[in-house]
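Asker: build me a model from this:
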Amino acid sequence: MNKEFTFTIKSISFDENYNPSENTRITTNFANLARGNMRQENLRNTLAMIDHRFNTLAHWDNPNGDRYSVKLEIVSVEMDVEGKGNTFPVIEILKTNIIDRKTNEVFEGIVGNNFSSYVRDYDFSVLLLEHNKGKSEFSTPENFGDLHGNLFKCFVNSNEYKNNFHKSPVICLSVSNKNTYHRTEYQHPVLGFEYQQNKPSMTDHYFQKMGLRARYFMPANGVAPLAFYFSGDLTGDYTDLELISTISTMETFQRIYRPEIYNANSVAGKEYQPNLVNPDYALTQIVYDREERSQLAIEQGKFTEEHFIKPYRTILEQWSANNVL
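Answerer: Modelled structure (predicted):
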């Protein structure tokens with residue numbers, strides 16, 4: 001499936017000295033945090049929140065709550081469409097690594113976590129907006145998300161992915177504020193109580209085309225469920241520490257980015273409807289420009305259209321039509 005395209009993987013540490021590269025989507029959670037006058041304090045506080053949450057969940061044989069630390073890598077994936085050395089940054093994800101201070105061991109965590117894609121910006125901020133312009137009823141274009149989904153599966157099936165990562169990706173996102181979630185009786189020792197939603201969200205349909213399905217869990221001491229997108233067995237393929245690395249990282253980002261849901265002062269009950277205008281929440285001490293993030297998504301979608309979709313449209317459309325998994 002990936003014979004025509006070549007992928008290049010690059011990684012950089014996400015630490016208090018992190019500076020976004022020119023190719024990084026600046027709407028990405030971690031890139032937004034690393035800008036402005038408070039950048040280093042933002043990063044330091046975010047990493048401290050992640051470590052604290054990790055140790056709270058990995059409480060066994062950890063009496064002082066300081067045994068573990070999470071080291072994050074930003075993984076950038078560039079794709080060469082024609083094999084001529086011209087690359088385009090298609091995907092950006094996070095990889096967690098777990099440091100055990102007691103044994104001085106370092107364990108690989110999970111790759112995926114945060115998920116960023118210029119093509120997704122194009123789909124949602126250009127293609128979808130143009131398709132619904134002037135229409136009274138919202139709809140999605142034919143084959144919406146097919147190209148993006150096939151590109152993602154092409155990457156995950158590639159030798160480059162398999163040579164760098166040992167397990168399938170898990171992406172962790174906020175639940176949809178348009179859906180209602182019902183708590184089941186199933187409780188996982190790390191992921192917490194499982195929730196089920198009343199209907200698939202638009203994100204579910206989009207990620208399904210990437211070969212990923214969703215389950216929803218609210219970890220211990222959390223206030224709202226998280227959406228976990230995966231391709232294999234979420235509860236069987238990953239160790240407890242691997243799952244905790246994703247929970248601690250992505251719940252921290254959501255507390256900063258969507259405090260109305262994930263830093264709310266009330267805990268989700270048996271029936272839960274996420275509310276982005278909930279006034280009863282606490283702000284973190286971390287600066288995050290949510291309005292700027294939305295505006296930049298449109299700019300980046302147009303950038304993708306100009307530098308990726310238009311120049312390679314024929315190649316991409318023919319390839320995608322012949323490579324549906």
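Asker: what about the helices in the stretch 151-300 of the chain?
Answerer: For the stretch 151-300 of the chain, applying DSSP state H, counting those that start in this stretch gives helices covering 159-164, 202-208, 240-257, 259-262, 290-304.
Asker: turn the ones you listed into CSV, including mean pLDDT and distance to Phe217.
Answerer: Every C-beta, even on glycine, is put in place using the N, C-alpha and C of the backbone. Compiled in CSV, the helices of the stretch 151-300 of the chain are given as follows (pLDDT from 0 to 100; distance: least, Cβ to Cβ, whole Å):
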stretch, mean pLDDT, distance to Phe217
helix 159-164, 95, 25
helix 202-208, 94, 15
helix 240-257, 95, 8
helix 259-262, 94, 13
helix 290-304, 76, 25
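Asker: between those helices, which one is nearest to Ala220?
Answerer: helix 240-257 (9.6 Å; Cβ to Cβ).
Asker: buried stuff in that closest one?
Answerer: Residues of helix 240-257 classed as buried by neighbour count (16 or more other Cβ atoms under 10 Å): 241-257.
Asker: repeat that for stretch 55-62.
Answerer: Result for stretch 55-62 [16+ other Cβ under 10 Å]: buried residues 55, 57-58, 62.
Asker: looking at this protein, which helix or strand is least sure?
Answerer: Every helix and strand in the chain was compared by mean pLDDT, DSSP states H and E; the lowest is helix 29-33, with a mean of 59.
Asker: and the next helix or strand past that one?
Answerer: The helix or strand immediately downstream of helix 29-33 is helix 39-57, counting by DSSP states H and E.
Asker: helices or strands next to the helix or strand just after that following helix in the packing?
Answerer: Reading on from helix 39-57 to the C-terminus, the next helix or strand found by DSSP H and E is strand 68-80. With contacts defined as 3 or more Cβ pairs under 8 Å, 6 or more residues apart in numbering; DSSP states H and E, the packing partners of strand 68-80 are strand 6-14, helix 39-57, strand 87-100, strand 105-116, helix 146-156, helix 240-257.
Asker: partner strands of strand 68-80, parallel or antiparallel?
Answerer: Partners of strand 68-80 in the sheet, by DSSP bridges, are strand 6-14 (antiparallel), strand 87-100 (antiparallel).
Asker: and the angle from that strand to helix 146-156?
Answerer: Strand 68-80 runs at 120 degrees relative to helix 146-156, counting by axes from the mean of the first three to the mean of the last three Cα atoms, to 10 degrees.
Asker: list the buried ones in strand 68-80?
Answerer: Of all the residues in strand 68-80, those buried under the rule 16+ other Cβ under 10 Å are 68-79.
Asker: quick one on the thing from earlier: which of the strands paired with strand 68-80 sits most buried?
Answerer: strand 87-100 (a mean of 21; mean count of other Cβ atoms under 10 Å).
Asker: what's the closest non-adjacent residue to Met250?
Answerer: Using Cβ to Cβ, 6 or more residues apart in numbering and skipping residues adjacent in sequence, the residue nearest Met250 is Cys172, 3.8 Å away.
Asker: separation between the residue nearest to the spatial centre of the chain and Asn132?
Answerer: Centroid-nearest residue in the chain: Asn114, 2.4 Å away (criterion: Cα atoms, centre = their mean). Distance from Asn114 to Asn132, counting by Cβ to Cβ, to the nearest Å: 27 Å.
Asker: cool, and Phe5?
Answerer: Distance of Phe5 to Asn132, given as Cβ to Cβ: 30 Å.
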